[in-house]
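Peer 1: fold the following, please.
(one chain, ligands or ions: 1)
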Amino acid sequence: MDKVSELIDQSTKTWKLDLISSRFTPLEVKTICCIPLLVYTSGDKLVWFADNSDMYTVRSGYRCLINLHINDSMDTDYTDFYKKIWGLNLSPKIRIAIWRFTKEFIPTTVNLFNRRINQSPICFSCGEVPKNFMHTLLICGLAKNVWQSIGVDWSNVNVNMDFYTWLKLVFQNSRHDFSEIAATAAWALW
Ligand SMILES: [Zn+2]
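Peer 2: Numbers count the residues shown, from 1 in each chain. Okay, the predicted model is just below:
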């Protein structure tokens, strides 16, 4: 079998379930059969993907190259950062927590209050209303004391900083074992 089209019954535009089941695992069969097939087909044509008009222009080509360059350098940055996290000697729950902090996939006191899960948006430790979740991890008095007591440089911390930017700076200036301490402290503070 060379082509995906051999797995498709062209007269009914459906997947050939018997053939697919004989070649793939049950999970793969399920995944393949979930892919919708076009009932009506039209001839192939070339379109320029980076513009809604489908037509290539020098201007949109230039813009596309600039965006690719920006995304590439950001991707390399993120990849190096996550490689570092996954290379540390940490338990999976701490690694996953750090990943969630960097993506901001976490319930903040303000969010929980807005969804009527918490009675109040106020921080339990200091009584302030946090601007964002960085309050708990960095800005609040307790967090600040923890970071200062383990010797993290505080000179570049500000309220508008996101967790990814901050932890990346800590990792850049730290030994391997200190990065492990910093990641564990962040997890414990949350
Ligand atoms: Zn606080």
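
Peer 1: isn't residue 122 right up against residue 129?
Peer 2: Yes. Residue 122 is within contact range of residue 129, at 5.8 Å (criterion: C-beta atoms under 8 Å). Bear in mind the C-beta positions are built from the backbone N, C-alpha and C, glycine included.

Peer 1: dump the helix or strand bottoming out on mean pLDDT in the chain to PDB, restricted to CA.
Peer 2: Scoring the helices and strands of the chain by mean pLDDT, DSSP states H and E places helix 109-114 at the bottom, with a mean of 72. C-alpha atoms of helix 109-114 as PDB (Å, rounded to 0.1, in the frame of the first residue of the first chain):
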ATOM      1  CA  THR A 109      -7.900  33.400  43.400                       C
ATOM      2  CA  VAL A 110      -9.500  36.100  41.200                       C
ATOM      3  CA  ASN A 111     -10.700  33.600  38.600                       C
ATOM      4  CA  LEU A 112     -12.100  31.300  41.300                       C
ATOM      5  CA  PHE A 113     -13.900  34.300  42.800                       C
ATOM      6  CA  ASN A 114     -15.300  35.300  39.400                       C
END
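
Peer 1: buried residues in that helix?
Peer 2: Buried residues in helix 109-114, defined by neighbour count with 16 or more other C-beta atoms under 10 Å: 109, 110.

Peer 1: which bits of the protein sit near the ion?
Peer 2: Counting by C-beta under 5 Å from the ion, the chain comes close to the ion at 123, 125, 126, 140.

Peer 1: dump these to CSV, plus pLDDT and secondary structure.
Peer 2: Shown next, in CSV, are those (pLDDT from 0 to 100; DSSP: H, G, I helix; E, B strand; the rest coil):
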residue, pLDDT, secondary structure
123, 85, coil
125, 84, coil
126, 88, coil
140, 87, coil
